[in-house]
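> would you be able to build a 3D model of this:
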Amino acid sequence: MYPPFHHLLLLLLLFVVHGTTGIPTWNYTSSGRVSMQELERIQQYLAKVNKPAVKTIQSVEGDVVDCVPIHKQLAFDHPALKNHKLQVAPSMPKSLERREKNYGVSENRVFAAWPPAPGCPKGTVPIRRITVDDVLRAGSLYRFIGKEANQVGKLEHAVAVYNATPGNIHGGSATLNVWNPVVEGDNEFSASQIWISGGKAGQRYETVRAGWQVYPQMYGDYRTRIFSHWTIDGSQSTGCYDVLCSGFVQVSRNIFPGMIISNISVYDGDQLIFEMGIWKAKKTGDWWMGYEKEPIGYWPHELFQYLNSSADLIKWGGEIANNNPNNRHTTTQMGSGSFADEGWGKASFFNSLKIFDLNNFIPITPFPYTQTENNNCYNIIVDKKDEVWGTFFYYGGDGLNKNCS
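Model (predicted):
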């Protein structure tokens, strides 16, 4: 039998171990990373956002994924979704239902590091668990639940843009190759994505976007991951990545935002690709996100005002955050880290660019214009329409170099 002192010690151990991570509380507080009061607030927040799971799975890469009942996921905590009815995936635009031929040394499609058999049970969806460490990487709970406009440095782009006035954009898609770009600082990122936007800039500017990114502060590693994001005010005070806040409704049991992409393109070798699409359901007005041929989930129409009717703008391409470390340009790469001029097998690309109109089944193939902040850091070259690739472009760059300081 243990002496009373040992009983007290065991009780103390049970009390201070945080149930979400299994890491003793003193590991956070004694190191000065966080005060006990702040840790308690973080744990209360995590208890709210990490919904009870039917099953918990740890991926090979170390992510903890909870299988949450689909009707009880965080999305439905949003006040605008109080009376929302869960939707089943609508018909995908026809251009997303067929494969586009891709030329080059490889036609390999990427696959993700999920699900480990047998995956989540029927009636549940995979949700990447948020941990204390996830919050602390942002510096505080306030910064974690705050929006990206106040957290990262200068955003730089190399994108193809198509405007529609009046708005007649009901979705878009593209096939893109996948890389694992170097990201210099934990609070910088590198993303390749599709944006769909509508509204008034600086006021109620609504955007949904999806693609792949490397974002160490967000995920705690330098792996390439699928991501989603939404906002209704240009990321000033609303929206979030993936399912870090209520709003995005996860429906797939196989693919989810925040999931690691386990195989990537090789410089001057095999190019690993996938098709990403965002489209508006004709009957409900919800905006859906699809990966390859699988609908992942959707942003309910109740979240939006301008995007309830249609979008005004669509962009495809790369984005990085530059925090000007040591008063110079960042070395964070965009895409493969190679400039667009290097072309096939070396530079990143988007091909088969498509826009969906009101009928959702008639692809519009525009010749978009381009936007960059500094072509010496990151650039883009849109090529003329190709019989195999349709409208396509190369983009990317290495950041800091003799012409980019």
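> partner strands of the strand or helix carrying G290, with direction?
Using DSSP states H and E, G290 sits within strand 287-291. Its sheet considered, strand 287-291 pairs with strand 273-280 (antiparallel), strand 294-299 (antiparallel) by DSSP bridges.
> need the contact list for V68.
Residues in contact with V68 (Cβ atoms under 8 Å, 6 or more residues apart in numbering) are K51, P52, A53, V54, T124, V125, I127. Quick note: C-beta positions are derived from backbone N, CA and C, even for glycine.
> dump stretch 303-311 to CSV, keeping only the CA atoms.
Extracted in CSV, the C-alpha atoms of stretch 303-311 (Å, rounded to 0.1, in the frame of the first residue of the first chain):
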residue,chain,number,x,y,z
LEU,A,303,-22.2,32.1,-44.1
PHE,A,304,-22.3,34.5,-47.1
GLN,A,305,-23.9,37.5,-48.6
TYR,A,306,-22.3,38.2,-51.9
LEU,A,307,-21.2,34.6,-52.6
ASN,A,308,-24.8,33.6,-52.1
SER,A,309,-25.5,34.6,-55.7
SER,A,310,-22.1,34.2,-57.5
ALA,A,311,-18.5,35.2,-57.4
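> make residue 1 into 43 and carry on from there
Shifting the count to begin at 43 puts that one at stretch 345-353.
> list the buried residues in it.
By neighbour count on 16 or more other Cβ atoms under 10 Å, the buried set for stretch 345-353 is L345, F346, Y348, L349, S351, S352, A353.
> report the residue spans of the stretch 193-342 of the chain with pLDDT below the cut-off.
Along the stretch 193-342 of the chain, segments meeting pLDDT under 70 span 193-194, 207-208, 244-245.
> quick one, phi psi at L183?
Note on L183: backbone dihedrals following degrees, to the nearest 10 are phi -60, psi -40.
> I'd say it and D176 touch.
No. Between L183 and D176 there is no contact under Cβ atoms under 8 Å: 10.6 Å.
> any chance of JSON lines for the strands paired with strand 329-333, columns mean neighbour count and distance to A206?
Formatted as JSON lines, the strands paired with strand 329-333 follow (neighbours: other Cβ atoms under 10 Å; distance: least, Cβ to Cβ, whole Å):
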{"stretch": "strand 315-322", "mean neighbour count": "24", "distance to A206": "13"}
{"stretch": "strand 336-341", "mean neighbour count": "23", "distance to A206": "19"}
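> returning to what we had before: which of the contacts of V110 sit farthest apart?
Between any two of the contacts of V110, the greatest separation by Cβ to Cβ is 13.2 Å, found for P94 and V167.
> these two: who's more crowded?
Per other Cβ atoms under 10 Å, whichever of P94 and V167 has more neighbours is V167, with 25 against 9.
> quick one on the thing from earlier: need the residues that contact the strand holding G332.
131-132, 134, 138, 213, 215, 238, 250, 252, 268, 270, 297, 299, 316-323, 337-341, 343, 346, 349.
> how about a cut-off of 7 Å?
Residues outside strand 329-333 that contact it (Cβ atoms under 7 Å, 6 or more residues apart in numbering): 131-132, 134, 138, 250, 252, 268, 270, 297, 316, 318-323, 337-341, 349.
> for the stretch 243-392 of the chain, what spans make up the strands?
Remark: strands assigned in the stretch 243-392 of the chain by DSSP state E, counting those that start in this stretch are 247-256, 267-273, 282-283, 291-292, 315-322, 329-333, 336-341, 355-364, 390-398.
> got a list of contacts for the last one?
Yep, that's strand 390-398 we're talking about. The contact list for strand 390-398 (Cβ under 7 Å, 6+ apart) reads 135, 137, 142, 144, 202, 204, 211-219, 221, 234, 321, 356, 358-360, 377-378, 405-408, 431-438.
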